[in-house]
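In: just a sequence and a predicted model for now, questions to come.
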Amino acid sequence: MPVTSAGYFHSTDNLPYPEMKFLIHLFLFSCLPSYLCGQVSLEAHPIRAAEVYFDFGKATIRPEAESKIINLIEAAAQEQRVFIRITAHTDSIGSVVNNLKLSRKRAEVIRTRLLASEIKADSISIELFGESNPAAPNTTDLGRQQNRRATVEVLSFREMITLTGAVLEQDSEQGISATVTIRSKDDNQTLYTDEDGRFQSKVPLGAVIGIDVTAKGYFLASKMLKATPEALRDEFQIQLPRLEKGKAADIDNLYFVSGRDILLESSEPELPKVLKFMQLNDKIKIEIAGHVNVPNQGRIPRSSNHFLLSVMRALVVYNYLLRNGIAEERVSYQGYGNWEMRFPNAQTESQQSANRRVEIKILETEMSTPANNSPSKADTTTGSY
């Protein structure tokens, strides 16, 4: 069993498991009233880690390790609730007692270096393994060098809240198998729904998170929400429409610079999602349909700048898919100007936003016959212009 301490070398060896020691460190470091709600917990998340290697029988930090330690210190400085864990080791040469003492010296020299950079003593924990936990066999010089080490981990304490969700088919409301990607500022995680379409994860409390869902045979979906106890008290449901010929769905969160065909930086991650959708559903043929918001008037002419803008925005998505390996015969694009506005007399920003969109339209669900790439006879602009 390793020798463990928090800050200074106070013994906690009477505790049966190292995990219990770490939980005590966590409890002493911070205790939050939000525990009472049951949804929220305080958890340690790894931020950065590094291995510091030592010469035989020595406890001196090598010059080349200094940059690693500086990176760890800089990472710790970015966090409000930070914890640093040092685990120290030796090779098997020498007695067990002496190797445990040597691992203590190695841990202490790193701890001293961290304290010199204004890391608080009570946020540093040390575990001493001596020769008992080798990273490599001690039968070679290389293996013994790998074992003469200290691992330094920077962890951040974060309040996490449980997100429980379900992915359902839109018409039947039955659960479906899907891939769920949950994004926050500092983390991405990929989950898979169970047989009932349900999933569960922990996300940072108060963070704005994105939830991206893909399933073969269905449109993709992306949702944004703020992770609060109120928002996540009930099961979060996402309904996916089936892919059927003639159906269309918006590309969520796809926003452009006003009056231009340039994506906002925040919308650039949406294009890889469309690519993944096309790769997953590799037998479909689609149209990228661009729309603009020009309410309270009739159809704008195809020659107008607004109509051309609807074409150019659809072309952004079209070109991205072709550049990334989607066959040309599977994709076409068209601009519709203001001809298919959802709110022809739009007054609110949400109504105008619904008019101003790029859609995926399903042309074919099976590529059984060669695609006809000739322009549509409908009074729209398509292809080159």
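Out: It's in. Numbers count the residues shown, from 1 in each chain.
In: and the closest residue to R144 other than its chain neighbours, which of the three is it?
Out: Sequence neighbours aside, D91 is the residue nearest to R144 in space, at 3.9 Å (criterion: CB to CB, 6 or more residues apart in numbering). (Glycine included, C-beta is placed from N, CA and C.) When classified by DSSP: H, G, I helix; E, B strand; the rest coil, D91 comes out as coil.
In: repeat that for K245.
Out: Taking three-state DSSP, the label given to K245 is coil.
In: ok, it - contacts?
Out: The neighbourhood of K245, defined by CB atoms under 8 Å, 6 or more residues apart in numbering, consists of I362, L363, E364, T365.
In: between the residues you listed, which is nearest H45?
Out: H45 lies nearest to I362 out of the contacts of K245, by CB to CB, at 40.6 Å.
In: what's the helix or strand that closest one falls within packed up against?
Out: Taking DSSP states H and E as the definition, I362 sits inside strand 358-364. The helices and strands touching strand 358-364, judged by 3 or more CB pairs under 8 Å, 6 or more residues apart in numbering; DSSP states H and E, are strand 248-250, strand 285-290, helix 305-323.
In: now it and strand 285-290, what's the angle there?
Out: Interaxial angle of strand 358-364 relative to strand 285-290 (axes from the mean of the first three to the mean of the last three CA atoms, to 10 degrees): 150 degrees.
In: begin at 315 from now on, thanks
Out: Renumbered: residue one is now 315, and that last one reads strand 672-678.
In: pairing partners for strand 672-678, with directions?
Out: strand 562-564 (antiparallel), strand 599-604 (antiparallel) (DSSP bridges).
In: what about Q514, which SS state?
Out: Per three-state DSSP, Q514 ends up strand.
In: next one: K419
Out: helix.
In: pLDDT value on it, please?
Out: K419 carries a pLDDT value of 97.
In: state the number of residues packed around the nearest residue in space to it that is not next to it in sequence.
Out: Nearest residue to K419 in three dimensions, chain neighbours excluded: A373, at 3.7 Å (CB to CB, 6+ apart). A373 has 20 neighbours, counted by other CB atoms under 10 Å.
In: does A373 sit in a helix, a strand or a coil?
Out: coil.
In: ok, it - contacts?
Out: L416, K419, R420, E422, V423.
In: returning to what we had before: turn the strands paired with strand 672-678 into CSV, including distance to E388, mean pLDDT and mean neighbour count.
Out: Converted to CSV, these look like this (distance: least, CB to CB, whole Å; pLDDT from 0 to 100; neighbours: other CB atoms under 10 Å):
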stretch, distance to E388, mean pLDDT, mean neighbour count
strand 562-564, 41, 96, 16
strand 599-604, 43, 98, 24
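In: quick one: the strands in the stretch 565-699 of the chain, in order.
Out: Ranges of strands in the stretch 565-699 of the chain, per DSSP state E, counting those that start in this stretch, are 599-604, 645-649, 672-678, 695-696.
In: from the contact counts, what lies against the helix or strand hosting E473?
Out: Per DSSP H and E, E473 falls inside strand 463-483. The contact analysis (3+ CB pairs under 8 Å, 6+ apart) places strand 463-483 against strand 354-367, helix 380-391, strand 396-403, helix 410-429, strand 493-497, strand 512-518, strand 522-528, strand 550-554.
In: point out the most buried one among the ones you listed.
Out: strand 396-403 (a mean of 24; mean count of other CB atoms under 10 Å).
In: list the residues that contact the spatially most central residue of the chain.
Out: Centroid-nearest residue in the chain: N502, 1.5 Å away (criterion: CA atoms, centre = their mean). By CB under 8 Å, 6+ apart, the contact set of N502 is T495, I496.
In: G511 contacts E487, correct?
Out: No. Contact criterion CB atoms under 8 Å: G511 and E487 do not qualify, at 9.6 Å.
In: who has more neighbours, the two?
Out: G511 (22 against 11).
In: could you find the closest non-adjacent residue to that one?
Out: G489 (2.4 Å).
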